[in-house]
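In: return a 3D structure for these sequence lines:
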Amino acid sequence: MITTAPDTNRVAAITTGLDRLRRSLHTAEDGVPHHLDEPSWEPGFVADFPQTGVGSTRMAAFDYTTAELHGREGLPDDLAMAGPVELLTAQGAQVLRTICRDLKACAVHNDYVVSHRLRNVEAVSPFVRAMVRDPAFLRNASRLVGVPLIPHPLRNAGVQINYYEPPVDGADPAVAKWHLDGMNYVFTMTLSDHTEHTGGDYLYYRGHPRDFDIHREEITAAGASHPDVHTASFQHVGDTVFTRGSRVYHAVTPVSRGDRITLAVSLFCPLLGDQDENRFWHSAPDDGLLRTLGNWRELRRAVRRPAAYCRREGIPILPLGHTA
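Out: So this is what the prediction gives:
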């Protein structure tokens with residue numbers, strides 16, 4: 001096998017328009033049809049919280065106006081980014097790392113947003129499903145953001161594993177293209193130590209999306225050298241960064257040495273469900289038209305009747321006092 005050194009600076013932006021429709025007409029690829037043999041989730045894997053020294057940035061720093069912010073009276077919701085933070089203990093993160101490594105053989109390639117990934121991880125990993133429903137895990141995520149959070153109704157996109165490795169035999173490198181997520185509350189956990197790979201940097205644009213769109217070519221060409229592009233400071237296995245995925249443009253650069261694995265967990269605020277920013281044509285290119293129709297009906301039901309959704313899934317809505 002011949003490996004090639006990728007351009008570690010340039011990452012393309014996600015396509016829009018007719019390309020999304022074309023991709024949506026294809027049937028989504030399923031990664032794993034059954035549960036794998038894996039360790040059981042343990043409540044003791046949740047890290048102690050709150051933690052000191054956690055940096056955070058509000059939406060105003062990204063040029064959002066007060067009128068554009070989420071939230072309601074008594075429930076402000078203007079956090080743009082926070083972390084790195086530890087949501088799992090060192091032992092819990094290592095167990096999760098092993099599970100995600102074992103699932104790599106089931107991941108699929110797709111050049112829409114993330115080149116090499118496994119979606120709908122809840123459906124194939126009992127460990128992950130139990131983790132994102134653990135009350136202590138949800139409480140810590142809620143405390144970090146400042147609003148109560150629960151697992152997202154869009155299962156396919158709710159938990160995703162992303163794999164980055166050097167390209168082989170002239171193939172395109174594995175990246176995450178510059179994009180906005182459909183999800184508002186996205187927690188990206190690295191499952192590789194920074195010393196294990198070169199490249200694979202998580203970049204984000206510190207500015208309003210409208211400015212990114214205006215200067216798209218300039219920003220994507222310059223990458224990390226652009227003055228408004230920053231790199232998230234992931235260092236160790238388990239480091240987690242919260243990103244307002246639907247409002248902050250972000251990307252991941254190619255890996256030229258080693259490999260990097262990340263777990264992206266997207267959560268949902270039942271009290272602000274009507275402000276969920278998912279768009280049908282954002283999901284359809286990844287999941288296919290028919291599957292997205294079914295997923296969309298479930299999301300609309302949860303948005304209209306969040307209490308019924310929580311009862312149906314057996315998920316308690318945490319009191320607001322727990323998020324302070």
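In: can you give me the neighbour number for Asp259?
Out: Neighbours of Asp259 under the rule other Cβ atoms under 10 Å: 16. In short, each C-beta sits where N, CA and C put it, glycine included.
In: who are the contact partners of it?
Out: Asp259 sits next to 163-166, 192, 196-197, 200 when contact means Cβ atoms under 8 Å, 6 or more residues apart in numbering.
In: distance to Thr57, pLDDT and neighbour count for these - can I get that in JSON lines?
Out: Shown next, in JSON lines, are the contacts of Asp259 (distance: Cβ to Cβ, whole Å; pLDDT from 0 to 100; neighbours: other Cβ atoms under 10 Å):
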{"residue": "Tyr163", "distance to Thr57": "28", "pLDDT": "97", "neighbour count": "23"}
{"residue": "Tyr164", "distance to Thr57": "25", "pLDDT": "96", "neighbour count": "26"}
{"residue": "Glu165", "distance to Thr57": "30", "pLDDT": "93", "neighbour count": "22"}
{"residue": "Pro166", "distance to Thr57": "32", "pLDDT": "92", "neighbour count": "21"}
{"residue": "Ser192", "distance to Thr57": "24", "pLDDT": "97", "neighbour count": "23"}
{"residue": "Glu196", "distance to Thr57": "27", "pLDDT": "95", "neighbour count": "16"}
{"residue": "His197", "distance to Thr57": "25", "pLDDT": "95", "neighbour count": "20"}
{"residue": "Gly200", "distance to Thr57": "22", "pLDDT": "95", "neighbour count": "30"}
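In: reformat the residues you listed as JSON lines; add distance to Leu144.
Out: As requested, those are exported to JSON lines (distance: Cβ to Cβ, whole Å):
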{"residue": "Tyr163", "distance to Leu144": "26"}
{"residue": "Tyr164", "distance to Leu144": "25"}
{"residue": "Glu165", "distance to Leu144": "30"}
{"residue": "Pro166", "distance to Leu144": "33"}
{"residue": "Ser192", "distance to Leu144": "22"}
{"residue": "Glu196", "distance to Leu144": "26"}
{"residue": "His197", "distance to Leu144": "26"}
{"residue": "Gly200", "distance to Leu144": "24"}
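In: redo those as JSON lines? Include secondary structure and distance to Ala61.
Out: Shown next, in JSON lines, are those (DSSP: H, G, I helix; E, B strand; the rest coil; distance: Cβ to Cβ, whole Å):
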{"residue": "Tyr163", "secondary structure": "strand", "distance to Ala61": "31"}
{"residue": "Tyr164", "secondary structure": "strand", "distance to Ala61": "28"}
{"residue": "Glu165", "secondary structure": "coil", "distance to Ala61": "33"}
{"residue": "Pro166", "secondary structure": "coil", "distance to Ala61": "34"}
{"residue": "Ser192", "secondary structure": "coil", "distance to Ala61": "28"}
{"residue": "Glu196", "secondary structure": "helix", "distance to Ala61": "31"}
{"residue": "His197", "secondary structure": "strand", "distance to Ala61": "29"}
{"residue": "Gly200", "secondary structure": "coil", "distance to Ala61": "25"}
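In: between those, which is closest to Arg97?
Out: Ser192 (7.8 Å; Cβ to Cβ).
In: surely that closest one touches Ile261?
Out: Yes. With contact defined as Cβ atoms under 8 Å, Ser192 reaches Ile261; the gap is 5.4 Å.
In: what do these two both touch?
Out: Between them, Ser192 and Ile261 share the contacting residues Arg97, judged by Cβ under 8 Å, 6+ apart.
In: CA atoms of stretch 149-165 as CSV?
Out: C-alpha atoms of stretch 149-165 as CSV (Å, rounded to 0.1, in the frame of the first residue of the first chain):
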residue,chain,number,x,y,z
LEU,A,149,-30.4,18.1,27.9
ILE,A,150,-31.6,14.6,26.9
PRO,A,151,-30.8,12.2,24.0
HIS,A,152,-31.8,13.6,20.6
PRO,A,153,-34.9,12.2,18.9
LEU,A,154,-32.9,12.0,15.6
ARG,A,155,-31.2,8.7,16.4
ASN,A,156,-29.2,8.4,13.2
ALA,A,157,-27.4,11.6,13.8
GLY,A,158,-27.6,11.5,17.6
VAL,A,159,-24.3,9.6,18.2
GLN,A,160,-21.6,9.2,15.5
ILE,A,161,-18.1,7.9,15.5
ASN,A,162,-15.6,9.7,13.2
TYR,A,163,-12.4,8.0,12.0
TYR,A,164,-9.4,9.9,10.5
GLU,A,165,-6.4,8.2,9.1
